[in-house]
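**Q** sequence below, structure please.
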Amino acid sequence: MVNGNQEAPEDREIRLQNLEGILLNESNQRLIGSNQLREQQSQFGELGKNVGDSYYEQYMLGDGAKKVRDGIHKEEEKKREQYGIADEVPYADNYYVTKKIIEMKEGAFLGLPLKRLEESIKKVVKGLKFEVPKGLEDVTGDEIVIKQMQGNDLSDEEKYVLKLIGYFKGAYTNSLALQQVNEGYLAGLNAQGKKLEEVYLNPTGRGTEQGE
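**A** Next up, the predicted model:
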């Protein structure tokens, strides 16, 4: 939560749009979904793991990952100069790229007012009907988490807010994972269909296929 007296309305809107952009960025979604498939293998099975590995590898070889790596490297270079470290900054590996995107995702979930969070999630999770209760639309979770980390007791409403954020987080992350599973399954079906078409168009291949 940011005190409105300390943040100009236009600055607040830019900040919130940036947080929404983190959740709606397709490159981020690709990594978040594939990471969920790879991390929750018991939930999504062998197909999910295979699809997740494929999408994860595609992401790490793409421009999105390079942009994140370059950003991490720039941040670490500033720290190296600040602390006077002689060693060169290593280029960020896959772990640090994933960690950065997950941290950004977590920051967006805690920093967005619940109504704005709901609207962003519904752009990803089609058909989600839940609506944030009246009176909680402008509440965010960041200060509640800080309060919790400091060992302070939370009110029932604050506990509810954290449960609600967890609900949205699960809906978002699992929906991205399932979308990738469906895409991967469809890609496999299309590849299989292509082979069947080639067999039909190739008499020699058709005979071989029938004899198997």
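
**Q** what's the closest non-adjacent residue to residue 184?
**A** Among residues not flanking residue 184 along the chain, residue 51 sits closest, at 3.4 Å (C-beta to C-beta, 6 or more residues apart in numbering). From N, CA and C alone the C-beta is placed, and that goes for glycine too.

**Q** got it, and residue 136?
**A** Residue 136 sits nearest to residue 114 (C-beta to C-beta, 6+ apart), 5.3 Å away.

**Q** does the one you found touch residue 138 like I think?
**A** Yes: using C-beta atoms under 8 Å, residue 114 is in contact with residue 138, at 7.5 Å.

**Q** more crowded one of these two?
**A** Between residue 114 and residue 138, counted using other C-beta atoms under 10 Å, residue 114 has the larger neighbour count: 20 against 12.

**Q** who are the packing partners of the host helix or strand of residue 58?
**A** Assigned by DSSP states H and E, residue 58 belongs to helix 41-60. Helix 41-60 sits against helix 26-39, helix 156-201, with contacts defined as 3 or more C-beta pairs under 8 Å, 6 or more residues apart in numbering; DSSP states H and E.

**Q** what's the pLDDT at residue 45?
**A** Looking at residue 45, its pLDDT is 92.

**Q** just give the nearest non-adjacent residue to the spatially most central residue of the chain, would you?
**A** Nearest residue to the geometric centre of the chain (C-alpha atoms, centre = their mean): residue 32, 3.1 Å. With sequence-adjacent residues excluded and distances taken as C-beta to C-beta, 6+ apart, residue 32 is closest to residue 176, at 5.5 Å.

**Q** again with residue 112
**A** Residue 112 sits nearest to residue 19 (C-beta to C-beta, 6+ apart), 5.1 Å away.

**Q** quick one: residues contacting that neighbour.
**A** By C-beta atoms under 8 Å, 6 or more residues apart in numbering, the contact set of residue 19 is 107-108, 111-112, 116.

**Q** of the residues you listed, grab the buried ones for ChimeraX.
**A** Selecting the buried subset of these in ChimeraX, with 16 or more other C-beta atoms under 10 Å as the burial test, is done by:
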select :108,111,112,116
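
**Q** count of residues packed around the residue lying closest to residue 173 once chain neighbours are set aside?
**A** Closest residue to residue 173 apart from its sequence neighbours, by C-beta to C-beta, 6+ apart: residue 36 at 5.0 Å. By other C-beta under 10 Å, 22 other residues sit near residue 36.
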